[in-house]
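Asks: Provide a 3D model corresponding to the input given below.
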Amino acid sequence: SGDRSERIRTYNFPQMRVTDHRIGLTLYKLDSILQGELDEIIDELATFYQSQALQNAESVKVAAGS
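Replies: Numbering: from 1, shown residues only. Okay, the predicted model is just below:
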């Protein structure tokens, strides 16, 4: 539904800005992104989720007493 807490990404055309709310990434490259240049967003998302996975694995390891 339209709850702001569920936003994933905002596209602001007047400012040529894209913000990914999941990872707090803001880029002023809207034209490039809309043309398919997604590498920077994808790389940042991958780094974020890899970091989350490592933190979760460490939490499980500590909880298990290893």
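Asks: list the buried ones in the longest helix seen in the chain?
Replies: As assigned by DSSP state H, the longest helix anywhere in the chain is helix 39-63. The neighbour-count check on helix 39-63 (16 or more other CB atoms under 10 Å) flags 41, 44 as buried. Heads up, the C-betas are built off the backbone N, CA and C, glycines and all.
Asks: residues touching the residue nearest the centre of the chain, list them.
Replies: By CA atoms, centre = their mean, the mean C-alpha position of the chain lies nearest to Ile23, the distance being 3.6 Å. Ile23 is in contact with 44-45, 48, counting by CB atoms under 8 Å, 6 or more residues apart in numbering.
Asks: of the residues you listed, just say which sits nearest to Ala63.
Replies: Closest approach to Ala63 among these (CB to CB): Phe48, at 22.6 Å.
Asks: from Ala64, how far off is the closest one?
Replies: 25 Å (CB to CB, to the nearest Å).
Asks: so which elements touch the worst-scoring helix or strand of the chain on mean pLDDT?
Replies: Every helix and strand of the chain was ranked by mean pLDDT, DSSP states H and E. The lowest is helix 39-63, at a mean of 92. Judged by 3 or more CB pairs under 8 Å, 6 or more residues apart in numbering; DSSP states H and E, helix 39-63 is in contact with strand 17-20, strand 25-27.
Asks: go again using 10 Å as the cut-off
Replies: On a contact count with 3 or more CB pairs under 10 Å, 6 or more residues apart in numbering; DSSP states H and E, helix 39-63 meets strand 17-20, strand 25-27, helix 30-34.
Asks: just these: most buried one?
Replies: strand 17-20 (a mean of 17; mean count of other CB atoms under 10 Å).
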